[in-house]
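Q: Got a sequence here, can you model it:
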Amino acid sequence: MAQSLLFMLWLLQLPIITANADNNAVEKSTSESSSLFTRYDRKAYDQAAGHPIIINSTANETLLKYGNLDKDDLIQRLQQRKNNINSSQRYNDDPNNNKCTTYLAPSSIPNSGLGMYTTIPYNRGDTFHLPEIGIMLQDRDAHYPKASNKLLEQYPWGARVLTGGFHEVTTGAAMVPGVGMLANSHLGLANFRHMDAWKLQIEEDGTDTMSVEGLQSSTLEDVGRGSSSYHSRVLFYADKNIQRGEELFVNYGDEWFTAREEWIGVIPSEENYKEADRMIDELFSWVEGHDAVVVDHQAYEVLLKDVEKKDKRLRAAFPDNVQDALIAKEIGTARFSARSSIQSIEWLEENGVCIDNLVSGTSTIAQAGRGAFATRNINKSSVISTTPLITLQREQLQLWEEVDGSVVGVESEKEDKILEMVGHQLLLNYCYGHANSSLLLFPYSPTVNFINHGSKEKANAEIMWSSYPYHKGEWLNLSLEEVKELNKTGLMVDIVATKDISLGEEVLLYYGKDWENSWNEHIKDWTAAENEQDDIIEKNVTDTLGVHLNQRRNSESIIWTVEEQKNQPYPPYLETVCRFKPPTEKCQDDNNDYCTIRWSLSMNEMHDKPCDVISRSSIDGNDWYFAHINITDSSSNEMTRYHVEFLPRYAIRLINRKYTKDQYSRGVFREVIGLPDGLFPDHWMDLKEDDERYIYQD
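A: You can find the predicted model right below:
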């Protein structure tokens, strides 16, 4: 609401005259740039970022205000986050917050497996208390062009819709565990949606990788760069009031269901349910005031036939018989279609498993980014979390690049160019597996993907096949090929405490000897390439030294024009985007060059377009921008060049250019999380050491 009011206030100030750029603003911009910081000077960095600083006189160290919390402060923060700082959600009889708030249990949607349920009520606008990670998949069609209905194709969200990552790569998609994958979709009962505000989060240490909130900031020497996702605070919130015991639903969108009708059947839209409610109300309106209700079933059958001729999706929203239609009249057709979507707490305790024992926070492990912390005391041998698994193949995560065959010593009869494997998707780092198997398992319960590696001595948890009755243990007897062809989930694991774990303590898994060896080898190669300046690995991570954080964070800072950038250029990894909604009618170009148009308000991030800021005017104390924006029509492939006038500062921002974020760099760490010995079936072992394809030829 505050942002909307800000937009409207700016609109009221919109000038009605044109003006040339005010070059006086250049001096203001230049003076601001004098406070540029480097990440090797922590104090200067904190000042540039606007962070409050406290001095630890005993240790004589400069600390961020939110860094290095003592245990009591950490516990208080965890309790506040769990309670969502909303008194309506707390159990009155649970002052220590020991009662589970979120359960994994059988979904109320037929044939949909398991779903998520809440035992605390949510008011509309309340935030889900477990922030989640978003893992970007880059250019899947280019690197793995095989058409497939396998599980990996069913779960990703659009990158731009969920993570704001549209500009990161050419074609992106996001895996978002927790609510983003575990909650089912019901178009008529959707009650959770992703929050937009977090997408604009600027990296706190001037880089995009480490999510550092403690003493150390990320530098080019940090071997952990690019090994974890910086989309580490994906938030969901209640889109409507939610009752205790209600199943959590998200909205996948109409297109997701219509594209899969042959597989999942006809699914009604939200509007279909509303129309069905209206028609059923009309059908029974004549019996109002009568004690007994009798409707001829033949009349109802006629109605159903007429509806099916009109719209098969609308027909799917109707109950199949008149008796059920009477129930639907009282509770609505959407709720009737999932009548068990509101359960008792006792039913959830008996049939579900608790999945809120973990919450994310800054890891205590160096180079690990964020970690998972216990939200309550957990006894040894107790289940910390239970998670379903997606089965996928290593080759689905391979990244390929076209190279000259002679360079890599391969001759091709077809052409000189061949494909060489150059790395893996970041998702590999979050998958469970075995070095001798091409099968990977991706867990997607809340927060489990934040659990970091600990040595054998420090690890306090382990992975076991789940004891939950809905784990399909018989699938462990399937052949490797049969498991790879599965188009539904069924395998599950428990994360079990191997020691007593205290509230606020970080949960750690031992990732295995193969993972440790890979990490140590990565450190060796990374250090050698840094110190000896050799070509052991190609490190093209982005050097963000000298970035002025206020320039990116402050909506009132000056944006430099193309001409100004000749003398004071932005770092090469940054580009300017403008929020601009092109007109629906065809624009008449001025002199066949640029179509001049005045900027209009848009709050849709889908309208963020790369732009060149041509000039700037200061009118009545406000800066207004003029920009060139090229828009290509997706249907006709025709490009229109716009000269957009009077953009406010808040409609322009600086973002990273494609592939400049660390996770897309060469030489960054990639390794699967190893499952304990004896857990992975021997008949799934199909690889020998280094038995992964590196050269691909058709």
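Q: Residue 279 looks like it's in a strand, true?
A: No - when classified by DSSP: H, G, I helix; E, B strand; the rest coil, residue 279 is found to be helix rather than part of a strand.
Q: From what I see, it and residue 307 are in contact.
A: Yes - checked against CB atoms under 8 Å, the pair residue 279 and residue 307 is within contact range at 7.4 Å. From N, CA and C alone the C-beta is placed, and that goes for glycine too.
Q: what touches both of the two?
A: Taking CB atoms under 8 Å, 6 or more residues apart in numbering as the contact rule, the neighbours common to residue 279 and residue 307 are residue 318.
Q: low-scoring stretches of the stretch 51-200 of the chain, by residue?
A: Residue ranges of the stretch 51-200 of the chain with pLDDT under 70: 51-97, 145-149, 161-166, 196-200.
Q: and if we set it to 90?
A: Scanning the stretch 51-200 of the chain with the threshold set as pLDDT under 90 gives 51-99, 110-112, 139-174, 194-200.
Q: Tell me where it has helices.
A: Applying DSSP state H, counting those that start in this stretch to the stretch 51-200 of the chain gives helices spanning 71-83, 140-143, 159-162, 179-182.
Q: Which elements pack onto the last one?
A: Counting by 3 or more CB pairs under 8 Å, 6 or more residues apart in numbering; DSSP states H and E, the packing neighbours recorded for helix 179-182 are strand 114-118, strand 247-250.
Q: and the ones you listed as TSV, adding distance to residue 639 and mean neighbour count?
A: Putting those into TSV (distance: least, CB to CB, whole Å; neighbours: other CB atoms under 10 Å) gives the following:
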stretch	distance to residue 639	mean neighbour count
strand 114-118	44	25
strand 247-250	36	25
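Q: so which of these comes closest to residue 490?
A: Residue 490 lies closest to strand 114-118 among the helices and strands packed on helix 179-182, at 9.9 Å (CB to CB).
Q: Can you read off the pLDDT for residue 601?
A: Residue 601 is assigned a predicted lDDT (pLDDT) of 88.
Q: cool, residue 331 as well?
A: At residue 331 the predicted local distance difference test score is 92.
Q: now do the one 10 residues further on
A: Per-residue confidence for residue 341 comes out at a pLDDT of 94.
Q: Please, which helix or strand holds residue 625?
A: Counting by DSSP states H and E, the element that carries residue 625 is strand 622-632.
Q: Which neighbouring elements make contact with that strand?
A: Strand 622-632 makes packing contacts with strand 574-579, strand 608-610, strand 612-619, strand 639-648 when contacts are defined by 3+ CB pairs under 8 Å, 6+ apart.
Q: Let's have those strands in TSV, adding mean neighbour count.
A: TSV is the format used below for the helices and strands packed on strand 622-632 (neighbours: other CB atoms under 10 Å):
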stretch	mean neighbour count
strand 574-579	20
strand 608-610	18
strand 612-619	18
strand 639-648	19
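Q: just so I know, which of those lies nearest residue 170?
A: For residue 170, the closest of these is strand 608-610, at 13.0 Å, according to CB to CB.
Q: Which residues does the closest one contact?
A: With CB under 8 Å, 6+ apart as the contact definition, strand 608-610 has outside contacts at 166-167, 575-580, 629-631, 653.
Q: what about 7 Å?
A: With contacts defined as CB atoms under 7 Å, 6 or more residues apart in numbering, strand 608-610 is touched by 575, 577-580, 629, 631.
Q: Check stretch 244-256 too.
A: When contacts are defined by CB under 7 Å, 6+ apart, stretch 244-256 is touched by residues 107-108, 115-121, 179, 183-187, 189-193, 269, 341-345, 348.
Q: Any idea how far apart the tips of that stretch sit?
A: From its first residue to its last, stretch 244-256 covers 29 Å (CA to CA, to the nearest Å).
Q: Likewise for stretch 157-171?
A: Between where stretch 157-171 begins and where it ends, there is a gap of 12 Å, by CA to CA.
Q: What segments of the stretch 301-450 of the chain are helices?
A: Counting by DSSP H, counting those that start in this stretch, the stretch 301-450 of the chain forms helices over residues 312-316, 322-331, 333-337, 345-351, given from the N-terminal end onward.
Q: So for stretch 348-360, mean pLDDT?
A: 96.
Q: For that stretch, list every residue counted as buried.
A: With burial defined by 16 or more other CB atoms under 10 Å, the residues of stretch 348-360 counted as buried are 348, 352-360.
Q: which residues touch that stretch?
A: Residues from elsewhere that reach stretch 348-360, judged by CB under 7 Å, 6+ apart: 78, 81-82, 100-106, 117, 119, 130-131, 232, 245, 370, 372-376, 378, 384-386, 445-448, 450, 468, 507.
Q: any idea how far residue 132 is from residue 375?
A: 15 Å (CB to CB, to the nearest Å).
Q: Likewise for residue 404?
A: Distance of residue 404 to residue 132, given as CB to CB: 42 Å.
Q: Of the two, which one has the most company?
A: Shown here are residue 404 and residue 132; by other CB atoms under 10 Å, residue 132 has more neighbours (25 against 12).
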